[in-house]
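S.K.: Turn this into a model:
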Amino acid sequence: MYKKILVTSTGEYLDEIIEHTLDLMHGRPMEVIGLYVADTSAPFLTPSKVKQMMVDELKSKGKEILESMGQEFGKANVNFKPMLIEGDPAERIVETAEEENVDVIIMGTGKSKIDKHLLGSVSEKVVHSAPCTVLLIRSKHKPLEQIE
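M.R.: Sure, this is the predicted structure:
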C-alpha cells in the first residue's frame, strides 16, 4: 500500500515515531525520507545575528536527529534519505510531501491543550493541508492535572 514514507520529528518522541514507522512497514521494502525542518521564524525585533545563531543551533540539532534516524532505520535495512531544510515547519512538511510524492507522513503529536492554544500545532496544520495520509503518533505525556 505505502511505498514512500515521510518521517518528521523535532527529536521529541523519536523512538516512538521510528517504532511505529517500522511497524507500519511490516518488513516490506519502502523508501523512508527523514525530514527535519529548522524553524526560521523568530520574534519581529530579533537581531539578525541572534536569529542566525538560533537557526545554526536548530540545524545542528537537526543533523543529530537525522543521524539517529539513519542509524535506527539502517539497523532494519531501510532505504533512508535524510533531508534538512529551513522554513515554517508545517508549510515545509507539506511542500516536501508534495515534491517527493510520499504516500504517508508520520509525525508526533501530544502538546498540552495550553501549548496548542498558545503556540498552535504543526501536526494540526499538516493534517489539514497534506496531500496524503498523515499518521500522528500520540506521545506519552502527563495529563494537565498531573503537571505541577
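S.K.: And residue 54, how close does it get to residue 61?
M.R.: Distance from residue 54 to residue 61, counting by Cβ to Cβ, to the nearest Å: 11 Å. C-beta here means a position set from N, CA and C on the backbone, and glycine is covered the same way.
S.K.: And for residue 69?
M.R.: Counting by Cβ to Cβ - residue 69 and residue 61 are separated by 13 Å.
S.K.: same question, residue 7
M.R.: Going from residue 7 to residue 61 by Cβ to Cβ gives 16 Å.
S.K.: neighbour count winner among these two?
M.R.: The residue with more neighbours, out of residue 7 and residue 61, is residue 7; 25 against 15, by other Cβ atoms under 10 Å.
S.K.: That one: which element?
M.R.: Residue 7 is located in strand 4-8, with elements delineated by DSSP states H and E.
S.K.: helices or strands next to that strand in the packing?
M.R.: helix 14-25, strand 31-39, helix 89-100, strand 104-109 (3 or more Cβ pairs under 8 Å, 6 or more residues apart in numbering; DSSP states H and E).
S.K.: rerun at 10 Å
M.R.: helix 14-25, strand 31-39, helix 48-75, strand 79-87, helix 89-100, strand 104-109, helix 122-129, strand 133-138 (3 or more Cβ pairs under 10 Å, 6 or more residues apart in numbering; DSSP states H and E).
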